[in-house]
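> next one to model:
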Amino acid sequence: MTARIFITSIFALMSMAVNAQSNYSVYKGKIDKYNITMYLSRENYEWQGYYVYDDRPNKKFTLKCVSDEPDPRGYNNVVLKEYSPKGNNTGTFKGKIEGRGDGFYGTFTNSQGQSMRFELLQQYE
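Below you'll find the predicted structure:
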């Protein structure tokens, strides 16, 4: 009986973790040569989310929208500020999110002022 309750609790927690991420669209790609996975959602007409470097999945960088301007050609011009796990502004993503959400690409500038190209593609299950 105790084992059944334990197993049921494990499945409930796993389901909650999956549902917590289900509001996000998942994008995979690169900043320069670094592989990343980005989780974005659009709430109150603004993009937000977080991303991780694939080789450091436990270190999340929070993303907050600074600017989101629709373009008649079918994409949005977006500026997202990056915040480290300690809450410091450590970079800026400036780019285009395609209207259907298929891609997000542009320039990432880190806190030292170094700019790098980024390209991400939305992942579909």
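
> list the buried residues for the helix or strand Gly106 falls within?
Here Gly106, judged by DSSP states H and E, is contained in strand 103-110. For strand 103-110, the neighbour count (16 or more other Cβ atoms under 10 Å) marks Gly103, Phe104, Tyr105, Gly106, Phe108 as buried. To be clear about C-beta, it is placed using only N, CA and C from the backbone, and glycine gets the same treatment.

> packing partners for whatever helix or strand comes next after it?
Using DSSP H and E, the helix or strand that directly follows strand 103-110 along the chain is strand 115-122. Here strand 115-122 touches strand 25-31, strand 34-43, strand 103-110, going by 3 or more Cβ pairs under 8 Å, 6 or more residues apart in numbering; DSSP states H and E.

> which among those is found nearest to Lys96?
Ranking these by their distance to Lys96 (criterion: Cβ to Cβ) puts strand 103-110 first, at 6.0 Å.

> now find how far off-centre that closest one is within its chain.
Chain-centre distance of strand 103-110: 12 Å, with Cα atoms, centre = their mean, to the nearest Å.

> show me what it is in contact with.
Contacts to strand 103-110, defined as Cβ atoms under 8 Å, 6 or more residues apart in numbering, come from residues 27, 29, 31-32, 38, 40, 78, 82, 90-98, 115-122.

> one step back: which of the buried residues of strand 103-110 sits closest to Asn23?
Phe104 (16.9 Å).

> pLDDT score assigned to that closest one?
At Phe104, the model reports a pLDDT of 95.

> can you check the one 4 residues further on too?
Phe108 carries a pLDDT value of 98.

> what bridges to it?
On the basis of DSSP bridges, Phe108 is bridged to Phe93, Met116.

> low-confidence ranges, this structure, go.
The chain contains residues with pLDDT under 70 at 1-22, 100-101.
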